[in-house]
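Engineer: Generate coordinates for the sequence data below:
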Amino acid sequence: PGLHPAVVMIHGGGWRSGHKASDKGMATYLSTQGGITCFSINYRLAPQFKFPAQVLDCARAVRWVRAHAAEYSVDPERLGALGGSAGGHLSLMLGVMDPDAFQSPDDPNRALSAKVQCVVSTSGPTDLSGDTQWSDAAKLIAADFLGCTIADDPAKYAQASPLTYVTADDAPTLMVHGDSDVLVPVEQSRAMKAALEKVGVATQLVEVAGGDHGFRGADPAAVAKAHQAMAQWLREHLKVGE
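Structural biologist: Residues are numbered from 1 along each chain as shown. Below is the predicted model of the structure:
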C-alpha cells in the first residue's frame, strides 16, 4: 500500500540496437527486493533515427510515468533512471537536463518535468566530444548516433554530452565502470564525477577491477558487489519506504 518510487530503465546497444526486455532481471530484482516500480522502455534507434530522437523518447517516457503515476501507485517526485552503455548515457542526460528540455511537440504530457531525481549509469559515455579518448569503433558508433563526425559538427557532439549540462541542481548520480573498458574509457565516468563534485552534486564512482565494457572479464564477486551498490543508491536517493 501507499506510493512507491520508480525507475525508468534504459537499455544499451550503442543507441542502435537492444530491447527493453534485456532489463527484466534487474527490474525483477529492484521491484521485489528493493520496493521500486520499474518501467523498462524502448526508444528509436540509430542510424535510422539520429540524436536527439533517443533523448526525446526517454524524456517522453519520464513524462508519461509522471502523467500516469497514480495508476501505478508511483510517487511522481521520486523517479530515477538506470541504464548501461548507451542507456547509461541517456540516463545521465535525464539527470542533468532542464526539466522542460527535450520536449516532443506531439507529447500531451510535455508540460511535465522530464528530469529525474536519481541516476545510475553503468559504462555510460559522458563526453562525446573527447575525441582523443575514443577508439575507431567507438567513433563510428557515435557518428551513426549523431549523423556526423566530430570534425563535421563539434557543437552537436557537445550538445549530446551529459558533461555539457552539469549544474548544481543535477540528480544524485552513481556511475559504475570497468577500469579496463576499451569501448568507453573509464576516464569518461571519472570526468563526470569530478564535474558533479565541483558543483556539489552527490556522486559516486565504483570502478570494477579488470572489467571491460559491461564488466566483461571482471571477477563475478566484484560485479555482484557493484550491482548491490546500484540497488543501494536507488533505495537511498529514491527514499524507499518513506
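
Engineer: Just to be sure, Glu77 is in a strand?
Structural biologist: Yes - per DSSP: H, G, I helix; E, B strand; the rest coil, Glu77 lies within a strand segment.

Engineer: My guess is it contacts Val116. True?
Structural biologist: No - applying Cβ atoms under 8 Å, one finds Glu77 not in contact with Val116, separated by 10.5 Å. The way it works is simple: take the backbone N, C-alpha and C, and place the C-beta from them, glycine included.

Engineer: between those two, which one's more packed in?
Structural biologist: Neighbours per residue (other Cβ atoms under 10 Å) separate Glu77 from Val116, with Val116 holding more: 31 against 13.

Engineer: In three-state terms, label that one for me.
Structural biologist: coil.

Engineer: Thought Ala59 was touching it, still the case?
Structural biologist: No - judged on Cβ under 8 Å, Val116 makes no contact with Ala59 at a distance of 9.8 Å.

Engineer: tell me, what's touching those two both at once?
Structural biologist: Taking Cβ atoms under 8 Å, 6 or more residues apart in numbering as the contact rule, the neighbours common to Val116 and Ala59 are Leu94.

Engineer: pull the helix or strand with minimum mean pLDDT from this protein.
Structural biologist: Sorting the helices and strands of the chain by mean pLDDT, DSSP states H and E puts helix 24-34 at the bottom, at a mean of 90.

Engineer: Which residue ranges of this structure form strands?
Structural biologist: Taking DSSP state E as the test, the strands found in the chain are 4-10, 37-41, 74-84, 118-122, 173-178, 203-208.

Engineer: could I get those as TSV with distance to Ala111 and mean pLDDT?
Structural biologist: Below are the strands of the chain laid out as TSV (distance: least, Cβ to Cβ, whole Å; pLDDT from 0 to 100):
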stretch	distance to Ala111	mean pLDDT
strand 4-10	18	97
strand 37-41	20	98
strand 74-84	13	97
strand 118-122	22	98
strand 173-178	26	98
strand 203-208	29	98
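
Engineer: Output those as TSV; include the columns distance to His19.
Structural biologist: As requested, the strands of the chain are exported to TSV (distance: least, Cβ to Cβ, whole Å):
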stretch	distance to His19
strand 4-10	11
strand 37-41	9
strand 74-84	13
strand 118-122	17
strand 173-178	22
strand 203-208	24
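
Engineer: Nearest to Leu112, out of those strands?
Structural biologist: Judged by Cβ to Cβ, the one of the strands of the chain that comes nearest to Leu112 is strand 74-84, at 8.1 Å.

Engineer: partners of the closest one, with directions?
Structural biologist: strand 4-10 (parallel), strand 118-122 (parallel) (DSSP bridges).

Engineer: Name the residues of that strand that are buried.
Structural biologist: 74-76, 78-84 (16 or more other Cβ atoms under 10 Å).

Engineer: next one: stretch 166-185
Structural biologist: Buried residues in stretch 166-185 (16+ other Cβ under 10 Å): 166, 170-178, 180-181, 183-185.

Engineer: could you measure Asp219 against Gly178, distance?
Structural biologist: As defined by Cβ to Cβ, to the nearest Å, Asp219 lies at a distance of 11 Å from Gly178.
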